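Participant: just to be clear, the model below is a prediction. Sequence and coordinates:
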Amino acid sequence: MSKPRKPKGRPISGWLILDKPVDFGSTEAVSKIKWLFNAQKAGHAGTLDPLASGMLPIALGDATKTVPYVMDGRKIYEFTVTWGEERSTDDLEGDVTQSSDQRPSEEAIRALLPNYTGTISQIPPQFSAIKIDGNRAYDLAREGEVVEIPSREVEVFRLTLLACPDANTAHFEVECGKGTYVRALARDFGRDLGCYGHISQLRRSFVAPFAEEVMVPLATLTALEAIEDRDERIAALDAFLIDTGEALSALPHIVISDDQAHRLKMGNPILLRGRDAPVAESEAYATARGKLIAIGEIGEGEFRPKRVFA
């Protein structure tokens, strides 16, 4: 009987908040970071298009267990819409499918924004990761198929017109919820204004709970490859990691003892005593000595682990 294979790489855990450059895919970025950090596992919390730049949270090791909590968080994008052309991909990469000589006034653009604030109905772009009968929409679109993608409700918490530098372009900022396609916003703006439009620049500056200040440019990380001493290089890279538990800051938090941590790591519930002990929570997280131990539920005076961390 063969022995199970030992995982390759280091069993590190944490978040790296990458400032992804343009023309670099999200999957490519994850592979690069996994290789740089020599990590056993890696994943990202929300795809960023190759033509977009900005925040791409990358989870290493056990932090991949917290990816869903970041995926569900609010996001902020700055984007530029170029008027006069609608494109197959709703950004610069696609072919022109509609065009117009009309250009919107600043007043008309501002009057449109309330229609796209709050809970809105949106049809994702043809070139998107939405699954249609088991196939990705972008795969079908590349084969020349025009697919019917059902509309869905998304949340737009804030939509601001930042500037209209000329008749052909407008700069916006949007704070939105999970599943919102900024490319679809640009497409729909153009249709409503009767002039067509597409994204010509897109940058993500925030993915809850991570602030813009913690982003690390890819060039900063790759520059560390020049450090010949492996331990020194790894230490320099690890200095950019954010603790796994930071991804859970929106959840209720309990601090536990070392003995309680041991019980949770064995998969056992722990009793919660004291006047300030929470009564019931569908999800909460527990830490000991500042380190994440488990995600679980609180009920009937105890914390029951669902996910345990090394």
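Facilitator: That came through, no problem. Residues are numbered from 1 along each chain as shown.

Participant: which element follows the helix or strand of the chain with the lowest mean pLDDT toward the C-terminus?
Facilitator: Using mean pLDDT, DSSP states H and E, helix 137-142 stands out as the lowest-scoring helix or strand of the chain, at a mean of 56. Later in the chain than helix 137-142, the nearest helix or strand by DSSP states H and E is strand 152-166.

Participant: can you name the next helix or strand after that next one?
Facilitator: strand 169-176.

Participant: which residues sit against that following strand?
Facilitator: 74-83, 104, 106, 109, 154-165, 180, 182, 185, 200, 206 (Cβ atoms under 8 Å, 6 or more residues apart in numbering). The C-beta positions use only the backbone N, C-alpha and C, and glycine is treated the same way.

Participant: next: stretch 234-249.
Facilitator: 10, 12-17, 36-38, 45, 57, 59-63, 66-67, 69-70, 209-210, 214, 216, 221, 224, 227, 285, 287, 290-292, 295, 309.

Participant: tell me which of those residues fall in helices.
Facilitator: 36, 37, 67, 69, 70, 221 (DSSP state H).

Participant: which one of those is nearest residue 257?
Facilitator: residue 69 (24.7 Å; Cβ to Cβ).

Participant: hang on, that closest one packs against residue 251?
Facilitator: Yes - counting by Cβ atoms under 8 Å, residue 251 is a contact partner of residue 69 at 7.3 Å.

Participant: which one of the two has more residues nearby?
Facilitator: residue 69 (19 against 15; other Cβ atoms under 10 Å).

Participant: select only the buried ones of the contacts of strand 169-176 in ChimeraX?
Facilitator: Buried residues within these, by 16 or more other Cβ atoms under 10 Å, are selected in ChimeraX with:
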select :74,75,76,77,78,79,80,81,82,83,104,109,154,156,159,164,180,182,185,200,206
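
Participant: what about residue 108, which helix or strand?
Facilitator: Going by DSSP H and E, residue 108 is in helix 106-112.

Participant: quick one: that helix to chain centroid distance?
Facilitator: The chain centre lies 29 Å from the centre of helix 106-112; the measure is Cα atoms, centre = their mean, to the nearest Å.

Participant: and what of stretch 161-176?
Facilitator: 22 Å.

Participant: got a pLDDT number for the residue nearest to the spatial centre of the chain?
Facilitator: Nearest to the geometric centre of the chain sits residue 46, at 3.3 Å (Cα atoms, centre = their mean). Note on residue 46: pLDDT of 87.

Participant: does it touch residue 210 like I think?
Facilitator: No - in this structure residue 46 lies outside contact range of residue 210 using Cβ under 8 Å: 11.2 Å.

Participant: quick check: neighbours shared by the two?
Facilitator: Common neighbours of residue 46 and residue 210 (Cβ under 8 Å, 6+ apart) are 57, 70.

Participant: and residue 100, how many neighbours?
Facilitator: 15.

Participant: I'd guessed it sits against residue 195; true?
Facilitator: Yes - with contacts counted by Cβ under 8 Å, residue 100 reaches residue 195, the gap being 4.9 Å.

Participant: need the residues touching each of the two.
Facilitator: Overlap of the contact sets of residue 100 and residue 195 (by Cβ under 8 Å, 6+ apart) consists of 83, 84.

Participant: over to residue 28: give its phi and psi.
Facilitator: Torsion angles at residue 28 (phi, psi; degrees, to the nearest 10) stand at phi -60, psi -40.

Participant: and the gap between it and residue 64?
Facilitator: 18 Å (Cβ to Cβ, to the nearest Å).

Participant: who's more crowded, these two?
Facilitator: The neighbour comparison of residue 28 against residue 64 (other Cβ under 10 Å) goes to residue 64, with 20 against 12.

Participant: name the nearest residue to that one, ignoring sequence neighbours.
Facilitator: residue 43 (4.6 Å; Cβ to Cβ, 6 or more residues apart in numbering).

Participant: ok, now which ones touch that neighbour?
Facilitator: 30, 58, 59, 64, 67.

Participant: who's the third one bridged to?
Facilitator: Under the criterion DSSP bridges, residue 59 forms beta bridges with residue 15, residue 43.

Participant: tell me if I'm right that it and residue 45 touch.
Facilitator: Yes - with contact defined as Cβ under 8 Å, residue 59 reaches residue 45; the gap is 6.6 Å.

Participant: so what sits against both of the two?
Facilitator: 67, 70, 247.

Participant: tell me, how many neighbours does residue 42 end up with?
Facilitator: Quick note: residue 42 (other Cβ under 10 Å) scores 23 neighbours.
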